[in-house]
Each structure stands twice: as structure tokens, then as C-alpha cells.
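A.B. asks: One predicted model, sequence on top.
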Amino acid sequence: MKLTQGQLEDLESIKYFLYAGIEKNSITEKDIQMFFEYSEKGRHKEKIRDKNPDGFNTLCQGKRWRGIHIHEMYEPGILEGTMPYWVILGGLSPKEIPPKSVVNILAKEMFKGADKDIIHRVYQEVLDYWTWWRKLIFYLNSI
């Protein structure tokens, strides 16, 4: 199955938001195909279940958790001032920096795309910040 760039980004962002216990399920090509048929065309609704998820249901759960993070945690946190973009985009630890595809989905989905320029700018600032620290640590280790 040949996936478009948008589908690849969608798939990567869904896998990013899977919680630890569910991501161990093996996801096959057939599961990915079924998921995009469900997501884009509304097919296979009868196969969704929460208990003992297979690969297809794992992807459905990932999409659900992505929506929960974006619309029920991140957006209210931004509005309240308790969760700045710097934190969401990995400013506290280089291990928490999300992949570019996740940032693209966040920019498109959060506040219906109204803050996409801010999200991309802050993401670049986070990358520059941690690149600077890595260069400094490399320099100090070479002395």
C-alpha cells in the first residue's frame, strides 16, 4: 500500500501519542490500510473495540489519544497559561522533542490552525536551543 505524505505524517503522529501499554501491539500493512479506510471513508466501524486491541484498534486508540492531548490538554493549558508551547514542543528535555510530523499536525489542529506560525517558530527555537547545548557539551568534553 502506497501512502501519501499526509498519511505518513498522520501515521507517525498517531504512533507518537500511543500510551506505553498499547504500543506493543504489532501493526501490519492490512491494519494501516483498514485504519485509513476507517479514518477517511468511515468503513470498518463495527471492528472498533477497546479491550484486547489489535493493530487496527491500536491505531484508532492512537488517533483518539492524539485528539485528547491536543484538544483537552494542550489547548486548555495554552489558554490558562499552565502549558506553554515551549513545554509541549520539548523545551524542557531534548528527549521530549516531537518529530516534525507531529509538530505539523499540532500546527494544523490546535486552535484550528490559528497558531501555526507560533508553533513552528517555537519548535525552531527549541531545536536551536538544544543544538546550542549539544555543541557546548561537545566542546567541553573535547577540552
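C.D. replies: Right, received. Where do you want to start?

A.B. asks: In contact with Trp65, which residues?
C.D. replies: Listed by C-beta atoms under 8 Å, 6 or more residues apart in numbering, the contact set of Trp65 reads Phe17, Leu18, Tyr19. All C-beta atoms are positioned from the backbone trio N, CA, C, and that covers glycine.

A.B. asks: switch the cut-off to 6 Å
C.D. replies: Phe17 (C-beta atoms under 6 Å, 6 or more residues apart in numbering).

A.B. asks: cool, Gly91 as well?
C.D. replies: Val126.

A.B. asks: how close does Leu18 get to Lys63?
C.D. replies: Noted for Leu18: a distance of 10 Å to Lys63, by C-beta to C-beta, to the nearest Å.

A.B. asks: model confidence over the lengthiest helix in the chain, on average?
C.D. replies: Looking across the chain with DSSP state H, the single longest helix is helix 116-142. For helix 116-142, the per-residue pLDDT values average out at 86.

A.B. asks: list the buried ones in that helix?
C.D. replies: Lys116, Ile119, His120, Val122, Tyr123, Val126, Leu127, Trp130 (16 or more other C-beta atoms under 10 Å).

A.B. asks: do the same with stretch 63-81
C.D. replies: Within stretch 63-81, judged by 16+ other C-beta under 10 Å, the buried ones are Lys63, Trp65, Arg66, His69, Ile70, Tyr74, Glu75, Ile78.

A.B. asks: now Leu92, nearest residue through space, not along the chain?
C.D. replies: Nearest residue to Leu92, sequence neighbours excluded (C-beta to C-beta, 6 or more residues apart in numbering): Trp86, at 7.8 Å.
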